[in-house]
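[1] Generate a structure from the sequence data that follows.
(2 chains)
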Amino acid sequence: EPEVTQTPSHQVTQMGQEVILRCVPISNHLYFYWYRQILGQKVEFLVSFYNNEISEKSEIFDDQFSVERPDGSNFTLKIRSTKLEDSAMYFCASSEAGLAGDPFTDTQYFGPGTRLTVL
Amino acid sequence: DQQVKQNSPSLSVQEGRISILNCDYTNSMFDYFLWYKKYPAEGPTFLISISSIKDKNEDGRFTVFLNKSAKHLSLHIVPSQPGDSAVYFCAASGRSGGGADGLTFGKGTHLIIQP
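    Predicted coordinates for the structure are as follows:
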């Protein structure tokens, strides 16, 4: 069964450093997402991406964050100058939504997450 | 600002009985609702969804009910099995005029199935 994969599973970094979290969405999916879950809190939407551009983003997704699809398979989240409060689980998701699909009803499938620890 | 609320942090149910997980929402623009199940150290796994044009959707042991007037939905699992022990998240999305909205999640309910 196709699945979303994420690397690394755990990333430790020093405050102020840049990190890149990587995701490989399901191959025929067209919409890609990043979410985060701070320990003990709910899963929060960061950004959605379609056709090589940001589709929607939340208030959390400020200039510190950027996303990119550098090739036909990877989808990345870059966090510049990390802060202590960026420590969280980061989940990538993808959904199918094609020309005949409806992005609002297509199911989002999640990867296993990357645990980011900022020291 | 909790647009999706799961008021029960945990629920304990005996194996074989029905588990009922509840979710309330405040945003009337939400028109698609999903339930995800999550084990520790894993990502959320999709369980079942329902569109606002329906009031019930069933898939095997899982049934989701939607009461739009009350802005309430519930997930029924029957019969409950030990492997159902996990955190269950209610999530919702709505149309924003373009592109795919992110999902808005509740805080989750930890379901514990007792043998």
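
[2] all strands of the chain, in order?
    Unless you meant another one, I'm taking chain A. Secondary structure of chain A (DSSP state E): strands at A:5-7, A:10-13, A:19-24, A:31-37, A:43-50, A:53-57, A:65-68, A:75-79, A:88-95, A:109-110, A:114-118.

[3] nope, chain B please
    B:4-5, B:10-14, B:19-25, B:30-38, B:45-51, B:56-59, B:62-67, B:72-77, B:86-94, B:104-105, B:109-114.

[4] Can I get these in CSV including distance to residue A:4 and mean pLDDT?
    All C-beta atoms are positioned from the backbone trio N, CA, C, and that covers glycine. Below are those laid out as CSV (distance: least, CB to CB, whole Å; pLDDT from 0 to 100):
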stretch, distance to residue A:4, mean pLDDT
strand B:4-5, 22, 96
strand B:10-14, 28, 97
strand B:19-25, 24, 98
strand B:30-38, 13, 92
strand B:45-51, 11, 93
strand B:56-59, 21, 96
strand B:62-67, 22, 98
strand B:72-77, 23, 98
strand B:86-94, 16, 93
strand B:104-105, 17, 94
strand B:109-114, 24, 97
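
[5] Can I get those in TSV including distance to residue A:16 and mean neighbour count?
    Shown next, in TSV, are those (distance: least, CB to CB, whole Å; neighbours: other CB atoms under 10 Å in any protein chain shown):
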stretch	distance to residue A:16	mean neighbour count
strand B:4-5	34	19
strand B:10-14	38	14
strand B:19-25	39	21
strand B:30-38	31	22
strand B:45-51	35	17
strand B:56-59	47	12
strand B:62-67	45	18
strand B:72-77	43	20
strand B:86-94	33	23
strand B:104-105	30	22
strand B:109-114	36	17
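
[6] Quick one, which of the ones you listed gets closest to chain A.
    Proximity to chain A (CB to the nearest CB) singles out strand B:104-105 among these, at 4.3 Å.

[7] Name the residues that touch the closest one?
    Residues outside strand B:104-105 that contact it (CB atoms under 8 Å, 6 or more residues apart in numbering or on different chains) are A:42-45, B:3-4, B:27, B:30, B:36, B:89-93.

[8] go on, stretch A:39-46?
    A:33-38, A:56-58, A:60-61, A:65, A:77, A:87-89, A:91, B:44, B:89, B:91, B:101-108.

[9] Of all the residues in it, which ones are buried?
    Neighbour counts over stretch A:39-46 (16 or more other CB atoms under 10 Å in any protein chain shown) mark A:42, A:43, A:44, A:45, A:46 as buried.
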